[in-house]
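S.K.: Any chance you could fold what I've pasted below:
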Amino acid sequence: MESIWGMDGWEERPSLQKDLSVDTVVIGGGIAGILTAWLLQQRGVETVLLEASRLCGGQTGRTTAKITLQHGLLYHKLMQKEGKEKAGLYVQANRAAIRRYREIMEEEGIDCQFRNCNSYLYTRKEGDALYREEEAAKSLGICAQYVERTELPFQVKGALCFYDQAVFQPLQFLHRLAESLTIYENTRVLTVEGHEVRTQGPRVEAKHIVFATHYPFINVPGFYFLRMHQERSYVLALQNTGQMDHIYYGIDEDGLSFRKSGDILLLGGGNHRTGENKGGGKYRDLRLAAGRLFQAAREVAHWSAQDCMSVDDIPYIGRYSAQYPYWYVATGFCKWGMTGSMTAAMLICDLITAGKSRYEEVFTPHRLNLQASAGKLAQEGLESAKGLGKGVFTAAPRCPHMGCALEWNPDELSWDCPCHGSRFDSRGKLLDNPAQADLDNA
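M.R.: Residues are numbered from 1 along each chain as shown. Predicted coordinates for the structure are as follows:
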């Protein structure tokens, strides 16, 4: 089912009909791609954007649209594993991203239901982790406070409030930015070699190439398939739930998220690694929770989203690989794609126009902190090996990306890859990358 954001008023753009030569090409028409193209254009860089289907037809259209530097239980961990300096730069980058959203909306006069609010982490079980997170956040200059009362329809053990965050209607915002961009829809990129981008038809020559495709579809160089996995989560859109001014994210294993958009409450949860939902029941569980918490609630929509998870909880933003310094990538936003996308757009724009960014060391895709990520790297390798082995020895459909066995997701009626997160509908049509072909074409 579609999300509540909708694409009313979006005119379909033409597909690429002839070869082009430009300064920069952005591959991917979600929020990261549109923001990057728009910021580059603002600096006078000739840029075109290529989208395989329709703009915002992927994960951007399924977001819950929280503009926040509250990124789960992150900052205590960052301080421990990366040190205070890098953790501080991470905070500064995301704070700058929030500020840039506000600036663009004001300068361009964009009405997109932007609303300032607070963002809460909460627990119903044990509050020690929130105390540690509060101490880390405050040491990094974040205005945060531990509290024991919230507006949630149940009692919490504790909550950590991040002040002065925001929410908005993402497609209204992006529609305005996209109006001024050169965009080609229904133009799937098949391969990239050097400065040449090859689609199913014409080609594009570019000095700079930006991969903003959610999950990079080129395996080598970069090897992102070894350093990320994808996770799914589920959302109900509910009416008749009463007032809720702020946004909430549960840190418990069965925690829920809450975010109001007008008179609609977005209730989220059911997180799992893509390809690991054989039993289903994620929407059922959310509906049961909604019935317990809001007796008069009425469901008006439901959908699911997919997130790229890096091994060290920091996005990969910057130069794609040392081999191709004129390729750039934005991926691994770890569920926080609104600030992550703006951070990526600003950072990549700086790299292309100035050759450097003050934040590039924090987000560089070339980093390898074994202390921070050794366990997760091993886990990613193990999951891939399991999927590849099952693809060889079972009759299950195999993913055209790397041959892993697909698993049936009864909640979505889709075939999902537990290795790298590609998804296909019941007839084998590609839904989510990194795969580039339908099952019938594998």
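
S.K.: what's the spacing between the residue nearest to Ala396 when sequence neighbours are not counted and Thr339?
M.R.: Excluding the flanking residues, the one nearest Ala396 by Cβ to Cβ, 6 or more residues apart in numbering is Ala405, at 4.2 Å. For the C-beta atoms, the positions are set from N, CA and C on the backbone; glycine is no exception. Ala405 sits 35 Å away from Thr339, going by Cβ to Cβ, to the nearest Å.

S.K.: got it, and Ile317?
M.R.: 12 Å.

S.K.: got it, and Asp23?
M.R.: Asp23 is 27 Å from Thr339, by Cβ to Cβ.

S.K.: Which residue of these two possesses the greater neighbour count?
M.R.: Thr339 (25 against 14; other Cβ atoms under 10 Å).

S.K.: Now do the SS call for the more buried one.
M.R.: The three-state label given to Thr339 by DSSP: H, G, I helix; E, B strand; the rest coil is helix.

S.K.: could you list every residue that touches it?
M.R.: 67-69, 71, 94, 97-98 (Cβ atoms under 8 Å, 6 or more residues apart in numbering).

S.K.: Could you list the low-confidence segments of this structure?
M.R.: Scanning the chain with the threshold set as pLDDT under 70 gives 1, 369-395, 441-442.

S.K.: all helices for it, in order.
M.R.: 31-42, 75-82, 84-108, 128-139, 170-178, 282-293, 337-354, 360-363, 370-393 (DSSP state H).

S.K.: so which of the ones you listed is the most packed in?
M.R.: Comparing those by mean neighbour count (mean count of other Cβ atoms under 10 Å), helix 31-42 comes out on top with a mean of 25.

S.K.: tell me what that helix is packed against?
M.R.: Here helix 31-42 touches strand 20-27, strand 47-50, helix 170-178, helix 337-354, going by 3 or more Cβ pairs under 8 Å, 6 or more residues apart in numbering; DSSP states H and E.

S.K.: Compile those into CSV and extend it with columns for distance to Pro397.
M.R.: Formatted as CSV, the helices and strands packed on helix 31-42 follow (distance: least, Cβ to Cβ, whole Å):
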stretch, distance to Pro397
strand 20-27, 27
strand 47-50, 28
helix 170-178, 33
helix 337-354, 29
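
S.K.: and of the ones you listed, who's closest to Asp8?
M.R.: helix 170-178 (8.8 Å; Cβ to Cβ).

S.K.: Kindly export the closest one (C-alpha atoms) in CSV.
M.R.: In CSV, the C-alpha atoms belonging to helix 170-178 read as follows (Å, rounded to 0.1, in the frame of the first residue of the first chain):
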residue,chain,number,x,y,z
PRO,A,170,9.0,15.4,2.3
LEU,A,171,7.4,15.1,-1.1
GLN,A,172,6.0,18.6,-1.0
PHE,A,173,9.5,19.8,-0.2
LEU,A,174,11.2,17.8,-2.9
HIS,A,175,8.6,18.6,-5.5
ARG,A,176,9.5,22.3,-5.3
LEU,A,177,13.2,21.6,-5.6
ALA,A,178,12.8,19.1,-8.5
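
S.K.: Show me the contact partners of that helix.
M.R.: 5-7, 9-10, 31, 34-35, 38, 55-56, 60-61, 63, 65, 101, 104-105, 108, 110-114, 338.

S.K.: can you do 7 Å?
M.R.: The contact list for helix 170-178, computed with Cβ atoms under 7 Å, 6 or more residues apart in numbering, reads 5-7, 9-10, 31, 34, 38, 55-56, 60-61, 63, 65, 108, 110, 112-113.

S.K.: Please name the spatially closest residue to the spatially most central residue of the chain (chain neighbours excluded).
M.R.: Closest residue to the average C-alpha location of the chain: Gly337 at 3.8 Å, with Cα atoms, centre = their mean. Closest residue to Gly337 apart from its sequence neighbours, by Cβ to Cβ, 6+ apart: Thr63 at 6.1 Å.

S.K.: how near is that neighbour to Phe162?
M.R.: 18 Å.

S.K.: And for Ser414?
M.R.: For Ser414, the distance to Phe162 - Cβ to Cβ - is 34 Å.

S.K.: How about Glu193?
M.R.: Counting by Cβ to Cβ - Glu193 and Phe162 are separated by 44 Å.

S.K.: now Gly29
M.R.: Applying Cβ to Cβ, the value for Gly29 to Phe162 is 30 Å.

S.K.: With neighbour numbers in mind, choose between these two.
M.R.: Gly29 (30 against 23).

S.K.: Hmm, Lys157 and Gly127 touching each other?
M.R.: Yes - counting by Cβ atoms under 7 Å, Gly127 touches Lys157, with 5.0 Å between them.

S.K.: more neighbours, the two?
M.R.: The residue with more neighbours, out of Gly127 and Lys157, is Gly127; 20 against 14, by other Cβ under 10 Å.

S.K.: Not counting its neighbours along the chain, what's nearest that one?
M.R.: Gly158 (3.3 Å).

S.K.: if we can go back for a sec, now the contacts of Thr339 as a markdown table including distance to Pro221?
M.R.: Formatted as a markdown table, these follow (distance: Cβ to Cβ, whole Å):
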| residue | distance to Pro221 |
| --- | --- |
| Ile67 | 33 |
| Thr68 | 33 |
| Leu69 | 31 |
| His71 | 28 |
| Asn94 | 28 |
| Ala97 | 28 |
| Ile98 | 33 |
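
S.K.: And the strands in the stretch 101-250 of the chain, which stretches?
M.R.: In the stretch 101-250 of the chain, the segments counted as strands under DSSP state E, counting those that start in this stretch are 115-123, 144-147, 158-167, 182-184, 189-193, 196-199, 203-211, 228-239, 247-250.

S.K.: Make JSON lines from the helices of the chain and add distance to Pro14 to it.
M.R.: JSON lines is the format used below for those (distance: least, Cβ to Cβ, whole Å):
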{"stretch": "helix 31-42", "distance to Pro14": "16"}
{"stretch": "helix 75-82", "distance to Pro14": "44"}
{"stretch": "helix 84-108", "distance to Pro14": "25"}
{"stretch": "helix 128-139", "distance to Pro14": "47"}
{"stretch": "helix 170-178", "distance to Pro14": "14"}
{"stretch": "helix 282-293", "distance to Pro14": "37"}
{"stretch": "helix 337-354", "distance to Pro14": "24"}
{"stretch": "helix 360-363", "distance to Pro14": "34"}
{"stretch": "helix 370-393", "distance to Pro14": "38"}
